[in-house]
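Enquirer: Whatever this is, show me its structure:
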Amino acid sequence: MSHDAKLALLPHLDHAAILKVYQDAPGDELGSGKFNNPASSAALAANVFGYFLTDPSACDLSIAGAPGEGVRTVALEAVVRFGWRGGRHPCLDALVAGDDWLVGVEAKRYEPFRAKSAARFSSAFDRDVWGALPGWNDVRRKLQGGDLRFAMLDAAQLIKHALALSEEGRRTGRDWRLIYTYAEPGAWPDGRLIDARRHHAHRAEIDRFAAALGADAARFHAVSYRALLSSWADQELRAGKHARAVLEAFDL
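Expert: Residues are numbered from 1 along each chain as shown. Just a heads-up that it's a prediction; the model follows:
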């Protein structure tokens, strides 16, 4: 394991367990050195959710509309598969599971403040395999046709994650939802300030995306890292000490 990668993790975490996940996961976060970057989204997610690899039942996502108890497993860098074999399949920052439910977590740090490429979906997404997901597929088609655009939110990625989660839920007989967790840093790692208006614009895009989903928005929830961690710390849950350590260590 890279010593630098270990330094990217808070001392109280199980470094070996967390880094083993990223060593085996797609994306080569460790080998490429991306995990050690001070702007790394993966490193932040690992610090926040890695705590629950050894204590999954302490993971309370009720602030984001998910069950607050009954968690059986928490996985990092979890691949969820579409309803076909070939091609690439989504990799969620975290997958939290109970006996009869699944919650996928897509987490962002500095990504909303970087330039985005146009939304792209392969022709495979036009297959009639998605079941009753009218809102998600309507947004997908509007993104494909250019009728719906986002400058900061990676809406195409969220759609792909949701479609894969729906397939995983169908296969396992579990209900599912997708949580979008985001940081609101005050500055880039090099000290350049991030205008607060950009955070407002990002939140407005999240709201616009949820509105476009219509009734399917019931399966989509967004929460800032700060609000999520504060909910653990303020309620003195088992993860309270962990949450306070993350809040002190990162610009959120």
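
Enquirer: Go ahead and confirm Ala222 touches Ile206.
Expert: Yes: between Ala222 and Ile206 there is a contact at 4.7 Å, judged by Cβ atoms under 8 Å. Backbone N, C-alpha and C define where each C-beta goes, glycine included.

Enquirer: what's the overlap in contacts for those two?
Expert: Common contacts of Ala222 and Ile206 (Cβ atoms under 8 Å, 6 or more residues apart in numbering): Tyr180, Tyr182.

Enquirer: and Val71, how many residues sit next to it?
Expert: By the measure other Cβ atoms under 10 Å, the count of residues near Val71 is 22.

Enquirer: Next one: it from Glu168, what distance?
Expert: Distance, Val71 to Glu168, using Cβ to Cβ, to the nearest Å: 16 Å.

Enquirer: just the strands in the stretch 101-250 of the chain please.
Expert: With DSSP state E, counting those that start in this stretch as the criterion, the stretch 101-250 of the chain has strands at 101-108, 175-182, 220-224.

Enquirer: how far off strand 175-182 does the last one point, in degrees?
Expert: Between strand 220-224 and strand 175-182, the angle comes out at 30 degrees (axes from the mean of the first three to the mean of the last three Cα atoms, to 10 degrees).

Enquirer: Quick check: neighbours of strand 220-224 in the sheet, parallel or antiparallel?
Expert: Strand pairing for strand 220-224, using DSSP bridges, gives strand 175-182 (parallel).

Enquirer: quick one: contacts of the partner strand?
Expert: Against strand 175-182 from outside (Cβ under 8 Å, 6+ apart): 48, 61, 64-66, 93, 100-109, 112, 158, 161-162, 165-166, 168-169, 202, 206, 218-225, 228.

Enquirer: Tell me the buried residues within those.
Expert: By neighbour count, with 16 or more other Cβ atoms under 10 Å, these hold 48, 61, 64, 66, 93, 101-109, 112, 158, 161-162, 165-166, 168-169, 202, 206, 219-225, 228 as buried.

Enquirer: residues touching Asn47, list them.
Expert: Going by Cβ under 8 Å, 6+ apart, Asn47 touches Ala8, Leu9, Leu10, Leu13, Val246, Ala249, Phe250.

Enquirer: ok, 6 Å please
Expert: With contact set as Cβ atoms under 6 Å, 6 or more residues apart in numbering, Asn47 has these partners: Leu10, Val246.

Enquirer: Helix or strand: which one has it?
Expert: Using DSSP states H and E, Asn47 maps to helix 41-49.

Enquirer: Output that helix as CSV - backbone C-alpha positions only.
Expert: Output of helix 41-49 as CSV, limited to C-alpha atoms (Å, rounded to 0.1, in the frame of the first residue of the first chain):
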residue,chain,number,x,y,z
SER,A,41,-13.3,13.2,-4.3
ALA,A,42,-12.5,9.5,-3.7
ALA,A,43,-10.4,10.3,-0.7
LEU,A,44,-13.1,12.4,0.9
ALA,A,45,-15.7,9.6,0.3
ALA,A,46,-13.3,7.1,1.7
ASN,A,47,-12.8,9.2,4.9
VAL,A,48,-16.5,9.7,5.3
PHE,A,49,-18.0,6.3,4.5
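
Enquirer: Check which residues of that helix are buried.
Expert: Buried residues in helix 41-49, defined by neighbour count with 16+ other Cβ under 10 Å: Ser41, Ala42, Ala43, Leu44, Ala45, Ala46, Asn47, Val48, Phe49.

Enquirer: Need the pLDDT of the closest residue to the fourth one other than its chain neighbours.
Expert: So that's Leu44. With sequence-adjacent residues excluded and distances taken as Cβ to Cβ, 6 or more residues apart in numbering, Leu44 is closest to Arg109, at 5.1 Å. Predicted confidence (pLDDT) at Arg109: the value is 96.
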